[in-house]
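1. just a sequence and a predicted model for now, questions to come.
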Amino acid sequence: MARKEFNWVDIDKNKLPKTKGKRIDGFRFYDVDGKHYPSITTVLGVQKKEGLEKWRKAVGEEAANWEMARAARRGKSTHTLVEQYLANESPNIRDVLPLGLFRLMLPYLDQVDNIHLSEAIMYSHKYTIAGQVDCVAEYNGKLSVIDFKTANKERQESWIENYYIQTCAYALMYEEIYGKPIEQLVILMAGEDGTMRSFIKDKAEFVPKLQKSIEYFYKYYQELNKDKIKQDN
């Protein structure tokens, strides 16, 4: 059976920032036109810090570090396979677990077409944030921000609100840069337990939550670095 060939839309990549991001005071920022904008994953991450610390205490530092590193490797390898597939290349990672998760995603990936961006860094001057989007493309004919996630087991929709806020941020970045509306947010999630789900939402309900998350981050960051900020001033 022949594999699908994906169509790529030619858009102006010169509108995207030429930055890889860097860590400042322990947080990831992107330099956009001389301004440092925090990564959206960093913005959302500070709100999860308390829960993460509780989990670390429960399982122990060594086990927590091992699991986080394992999950990061799993996610990175799966993302690479997806990126290669959408680029009409032959996936070349042979690790059993990422390959299995990638294969779970295949029927959902084949609903993607007319790809605008893949693994691209975007920004918003309005919301003073930046980040690297997994994919902007049509999903079942609707222009979407698409995020590819892996997990240990099936997750309920109530557990993944931050994923919606994250993709909402990317949608607003894309709209600001290119002036074209994003019609939906799509989360494709493959689990080690063999589950595979697509979660599809309208971005509108998550804009207020994104704004609150950004405000929380800047207050948190300024409080954490208040002594340094005083010295700089």
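-> Received it, and whenever you're ready, just let me know what you need.
2. rest of the way, CA atoms for contacts and neighbours
-> Will do.
3. low-confidence bits of the protein, can you list those?
-> Along the chain, the parts satisfying pLDDT under 70 run over 1-2, 47-59, 61, 63-68, 95-96, 226-233.
4. could you redo the last one with a cut-off of 50?
-> Applying pLDDT under 50 to the chain flags the ranges 1, 55, 229-233.
5. for it, which helix is longest?
-> As assigned by DSSP state H, the longest helix anywhere in the chain is helix 61-86.
6. who are the packing partners of that one?
-> Using 3 or more CA pairs under 8 Å, 6 or more residues apart in numbering; DSSP states H and E as the contact criterion, the elements in contact with helix 61-86 are helix 96-109, strand 142-151.
7. those: which one's closest to residue 122?
-> Nearest to residue 122 among those is strand 142-151 (12.2 Å), distances taken as CA to CA.
8. now do stretch 21-38: distance to the chain's middle.
-> Distance, stretch centre to chain centre, for stretch 21-38: 17 Å (CA atoms, centre = their mean, to the nearest Å).
9. what's the span of it from first residue to last?
-> 9 Å (CA to CA, to the nearest Å).
10. quick check: the gap between residue 152 and residue 192.
-> Taking CA to CA, one finds residue 152 at 5 Å from residue 192.
11. neighbour-wise, which of these two wins?
-> Ranked by neighbour count (other CA atoms under 10 Å), residue 152 and residue 192 place residue 192 first, with 16 against 12.
12. would you agree the more buried one is in contact with residue 101?
-> Yes: contact status for residue 192 versus residue 101: in contact at 7.0 Å, counting by CA atoms under 8 Å.
13. now do the shared contacts for these two.
-> residue 150 (CA atoms under 8 Å, 6 or more residues apart in numbering).
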